[in-house]
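Student: Okay, sequence plus prediction incoming.
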Amino acid sequence: MSAGQIAALIAAGAFVLLVLLLAIPLLKLGRTLDEATIAIRKAHENTDPILLGANETITHVNTQLERVDGITANAQAVTGNVSALSSVFTATLGGPLVKTAALSYGISKAIRARRKKQEAKAQRPARRRQK
């Protein structure tokens, strides 16, 4: 064997050793990819019931929102009716009520003033007339 052949043999051995050292991480990486594939498959299988439940929940929420929309529409109609009724009440009874209140206030004030005047007159001593 010549020196070139021995060098080639050592290089071949080093290459085999290098391939073996690189094969171990590649095998581990292959197992890791297999486990990841299995995990993804299981996650996909477990996702279907979750998505079906979410779909049912969204359908139920949409039904409830339609009911709420109906309720708010009715509340808006009632609010409009109450507003119209209060406007009619104000227009028909508001003016006369204000006039009646003003009249009763004026009468009560006049009665009080007259009573005060009579009380003041009754408390004054009687003056004698000089002749």
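Tutor: Nice, I can see it. What you see is a predicted model; the values in this text were computed from it and never measured. Numbering: from 1, shown residues only.
Student: which of the residues in the helix or strand bottoming out on mean pLDDT in the chain are buried?
Tutor: None of the helices or strands of the chain scores lower by mean pLDDT, DSSP states H and E than helix 95-123, at a mean of 89. Within helix 95-123, not a single residue qualifies as buried, counting by 16 or more other Cβ atoms under 10 Å. To be clear about C-beta, it is placed using only N, CA and C from the backbone, and glycine gets the same treatment.
Student: just stretch 25-36 next, same as before
Tutor: Per 16+ other Cβ under 10 Å, stretch 25-36 contains no buried residues.
Student: And the helices in the protein?
Tutor: 3-89, 95-123 (DSSP state H).
Student: tell me how far the first one is from the chain's mean position?
Tutor: A distance of 27 Å separates the C-alpha centroid of helix 3-89 from that of its chain, computed with Cα atoms, centre = their mean, to the nearest Å.
Student: For it, the averaged confidence score.
Tutor: The predicted model gives helix 3-89 an average pLDDT of 91.
Student: Just the angle for that helix relative to helix 95-123, thanks.
Tutor: Computed by axes from the mean of the first three to the mean of the last three Cα atoms, to 10 degrees, the angle separating helix 3-89 from helix 95-123 equals 60 degrees.
Student: Please name every helix or strand in contact with helix 3-89.
Tutor: Packing partners of helix 3-89 (3 or more Cβ pairs under 8 Å, 6 or more residues apart in numbering; DSSP states H and E): none among the helices and strands.
Student: I'd like the numbering to begin with 888 instead of 1 from here.
Tutor: Got it, first residue is 888 now, which makes that one helix 890-976.
Student: distance of the residue nearest to the spatial centre of the chain from Glu943?
Tutor: Nearest to the mean C-alpha position of the chain, by Cα atoms, centre = their mean, lies Leu952 at 13.3 Å. Here the criterion is Cβ to Cβ, to the nearest Å. By it, Leu952 lies 15 Å from Glu943.
Student: Kindly report the same for Ile893.
Tutor: For Ile893, the distance to Glu943 - Cβ to Cβ - is 76 Å.
Student: Also Gly957?
Tutor: 22 Å.
Student: next one: Ala1007
Tutor: Relative to Glu943, and taking Cβ to Cβ, Ala1007 is found at 87 Å.
Student: With that, I have no additional questions.
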